[in-house]
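A.B. asks: My questions are about this predicted structure, shown below with the sequence.
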Protein chains: 2
Amino acid sequence: MQPFYDYLDSHHDQFLDELKRYLRQPSVAAQNLGMTEMAALAKERLEARGFKVQILPTGGHPVVYGELGDGPRTLLIYDHYDVQPAEPLDLWESPPFEPTVRDGNLYARGVADNKGDQMCRMQAIEAWLATMGKLPLKIKWVMEGEEEIASPNLEAFAHQYGDLLKADGCLWETGGYNELDQFSLWLGLKGIAYFELRLKTMGIDAHSGNATMLPNPAWQLVWALSTLKDANNRITLDGYWEHVVPPAPDEVALLEKVPFDAEKIKSTYGAKAFINDMDAAAAKRAHYFEPTITICGFESGYTGAGTKTVLPKEAKVKLDFRLVPNLTPELVYDLLRKHLDRRGFSDIEIARFSAERNARSRADSAVVQAAITAARKIYGADPMIYPLMPGSGPMYPLSDMLGIPAVLAGLSHNASRAHAPNEHIRLKDYWLGQKFIGEFIEAFAEAKDEG
Amino acid sequence: MQPFYDYLDSHHDQFLDELKRYLRQPSVAAQNLGMTEMAALAKERLEARGFKVQILPTGGHPVVYGELGDGPRTLLIYDHYDVQPAEPLDLWESPPFEPTVRDGNLYARGVADNKGDQMCRMQAIEAWLATMGKLPLKIKWVMEGEEEIASPNLEAFAHQYGDLLKADGCLWETGGYNELDQFSLWLGLKGIAYFELRLKTMGIDAHSGNATMLPNPAWQLVWALSTLKDANNRITLDGYWEHVVPPAPDEVALLEKVPFDAEKIKSTYGAKAFINDMDAAAAKRAHYFEPTITICGFESGYTGAGTKTVLPKEAKVKLDFRLVPNLTPELVYDLLRKHLDRRGFSDIEIARFSAERNARSRADSAVVQAAITAARKIYGADPMIYPLMPGSGPMYPLSDMLGIPAVLAGLSHNASRAHAPNEHIRLKDYWLGQKFIGEFIEAFAEAKDEG
């Protein structure tokens, strides 16, 4: 692979210029800003490497889909060309869409999440083609345009194009280095179901003197919520635990090896203790493997300073369910609706927001093993392998749903500030990442599934 | 009493001018607007009738205290010279501090609550003195300056001046006509204790993915609240019901006679049903005689549109307890603190706001009987007698605490819009009210307590 490495090392200026051009194009899905232009630019940059590219409609922002190469194995790559809104702008030290190098870092909106990964991967493929000949496998590349708005159309897209997308493994967007700056691989994500519970009992607010007789929606939400999770933090939603599958022994074994600094977490958030006074081992296990129901927001009545003697007409609660196997957004919605109805809370409306399913791949799958092999060569050590990230994302439709194992391997580090002002990557990670991609392609083309 | 009536009838122009002058002086305690000037004006107007007036310090806005007359019986009068803020100004059809007559009504901030009562009472006494000779009793007049900010200094004032304030009965501010426009008397008020429960579990908000391990203050408040009142609207605060005294048979008998239009109440507020599906009789009884705990406000986390996956660092709930005999603000605070501590909620801070005790006088007391006698003469029918108003006010320190029976008899009607824009009284009620005061003075000077 030396010629491949040499090509990469000798093209830093051109590659950085191309990356900057890619980052200069705003593409904020939430604001419908620059999306068409960005899709065209992604298509152009893929085509420049010989990809056959189609713009596939989804009902929302389209998927840019590219294919290149041939071989016994097929690699699916998932990235997204949309980025988070750049606001608040005044907290950026350089403009979000004017990529700027400072102290070896490249700052721009989307560079960590996840345009940097895209360009790094494309340039690695360019170097391969220039120095190693044809690709030893087939690459199918899905670039979504709606990841930052919770991928509302990706599952339908994956259903529609299931045959087209068939592959032996999937290289997912993002990932990179953990909080100890160890290069790491993540094998999955939790699911999420986000609801707003709304109850309106009156047309107008009443004086609180009428609380003797008029219904208070805040009390009703309190009572309803108190039946969902008890004061020991145990979820008590009817029928819920029947569906929860505990982690497999190999997932538990993986987790044993990954770092978890309980005291640092508590001090970062200023929390006196973990819930239920869990020790570090219990908190770590809960964090990766337990489902949650979180009150993200509760609003009712008067919330200003001092007093107002009001009986509010309505109340709203935002609830975030994090999902482990085999909980799904549809299932928890159904359980929740029935649970509330059974207790006389049929008047509580449930509005549905984000819905993403749990996704988890096995460590012994070929795509993960290829990533491990490549990481050993590039980073000089075994990568840290996490059974999953405790966050959520749209992995399920392209992985578990289509039966394609997936791995997160990217360029971010612990302080990359994805979604925040001054998002950045370290350029040294970018140059190493290109080499990782070459080694990964080689390893995956040769690997066999052990599972 | 004909000369007294004639004097009143022949002085409408002067009396209205004087009332307007009284209303033109802003006196918003909450904004510390015009308070000194208003106290001076109240003193001047009382002195114009021969009252011996002192400005008594309270630590806040002072009490204007006047004495006049002599006789075997002493009448305490309670009014307040402060008014509610006039905002929102753009909803007033004429400026709040420019008294304006339209369609037989007089519009101004404070005219119904309760400067109209003060001037009506002073002018009636002027007419008495001009036509009937000396007053047949001693009047002690307390004009408070902090009623609209929950009378934080009145109880201490009443303790300090308990001897000075001794009296046989008390004519309270406000009152007037019920929703059927029947002249009515009210014999008491509920108490109130207003708290804010505050819990902060972290120094910063966290991503909701951390809900596996970090404590959520909104959940903790939900659990704490759910132990205070159950889903049947039954208050379950430890030790609470031991202190609640049911209404006396004569109070229940009084309530039987007063109107209560259940369907109108439900339709006014757009409520489908009363809590616990109470019928009209049950709702009426609950409304007058039951204590409450009301969630007036609940605030935590993200409450904007759509989703934010946040684990909030703090949560706040405003709680309004309406109190019946023998619940007191101090008692319910103490019960609440212990109840929360006993269940592991010691971290929940309880901030105390309004605290007013229940006050209730007997219908057979001389001051109530005198008001009934006077009302029969002036309004041509028995007044409607309510055992209490379901609202709260600072009556306790000057009535039950000092052993002085009190009655609410005033000038407001059901649409007077006290505390709201376009506050007003009907001038015809004002002229009748002057005559009522004369008859009331005569009746009370002669009456004997039956109780």
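C.D. replies: Thanks, I have it.

A.B. asks: switch to C-alpha atoms for all contacts and neighbour counts from now on
C.D. replies: Will do.

A.B. asks: Disregarding flanking residues, what is the spatial nearest neighbour of A:L388?
C.D. replies: Ranked by CA to CA, 6 or more residues apart in numbering or on different chains and with sequence neighbours excluded, the top spatial neighbour of A:L388 is A:G188, at 4.1 Å.

A.B. asks: quick one, what contacts the closest residue to chain B within the stretch 351-451 of chain A?
C.D. replies: Closest contact between the stretch 351-451 of chain A and chain B, by CA to the nearest CA, is at A:G391 (5.5 Å). By CA atoms under 8 Å, 6 or more residues apart in numbering or on different chains, the residues touching A:G391 are A:189-191, B:209.

A.B. asks: which ones among these are found in strands?
C.D. replies: Judged by DSSP state E, the contacts of A:G391 include A:189-191 as members of strands.

A.B. asks: all helices for the stretch 151-300 of chain A, in order.
C.D. replies: For the stretch 151-300 of chain A, the helices defined by DSSP state H, counting those that start in this stretch cover A:154-160, A:217-226, A:249-257, A:262-269, A:280-289.

A.B. asks: Pipe these into CSV and attach mean neighbour count, distance to chain B and mean pLDDT per row.
C.D. replies: Converted to CSV, the helices of the stretch 151-300 of chain A look like this (neighbours: other CA atoms under 10 Å in any protein chain shown; distance: least, CA to the nearest CA, whole Å; pLDDT from 0 to 100):
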stretch, mean neighbour count, distance to chain B, mean pLDDT
helix A:154-160, 17, 19, 97
helix A:217-226, 24, 5, 98
helix A:249-257, 15, 15, 96
helix A:262-269, 14, 6, 96
helix A:280-289, 19, 5, 97
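
A.B. asks: nearest residue to A:G301 other than its sequence neighbours?
C.D. replies: Using CA to CA, 6+ apart and skipping residues adjacent in sequence, the residue nearest A:G301 is B:G297, 4.2 Å away.

A.B. asks: And stretch A:20-39, what's buried?
C.D. replies: Neighbour-count burial for stretch A:20-39 flags A:20, A:22-29, A:33, A:35, A:38-39 (criterion: 16 or more other CA atoms under 10 Å in any protein chain shown).

A.B. asks: How about stretch A:351-362?
C.D. replies: By neighbour count on 16+ other CA under 10 Å, the buried set for stretch A:351-362 is A:352-362.

A.B. asks: From those, which shows the smallest pLDDT?
C.D. replies: Among the buried residues of stretch A:351-362, A:S354 carries the weakest pLDDT, at 89.

A.B. asks: Next one: that residue from A:T307, what distance?
C.D. replies: To A:T307, A:S354 is 36 Å away according to CA to CA, to the nearest Å.

A.B. asks: Show me what the host helix or strand of A:D117 is packed against.
C.D. replies: Secondary structure assignment for A:D117, by DSSP states H and E: helix A:116-132. Packed against helix A:116-132 by the contact rule (3 or more CA pairs under 8 Å, 6 or more residues apart in numbering or on different chains; DSSP states H and E) you find helix A:2-9, helix A:12-24, helix A:427-446.

A.B. asks: The same query, at a cut-off of 10 Å, please.
C.D. replies: Where contact means 3 or more CA pairs under 10 Å, 6 or more residues apart in numbering or on different chains; DSSP states H and E, helix A:116-132 is packed against helix A:2-9, helix A:12-24, helix A:35-48, strand A:74-80, helix A:427-446.

A.B. asks: If anything else comes up later, I'll come back, but that's it for now.
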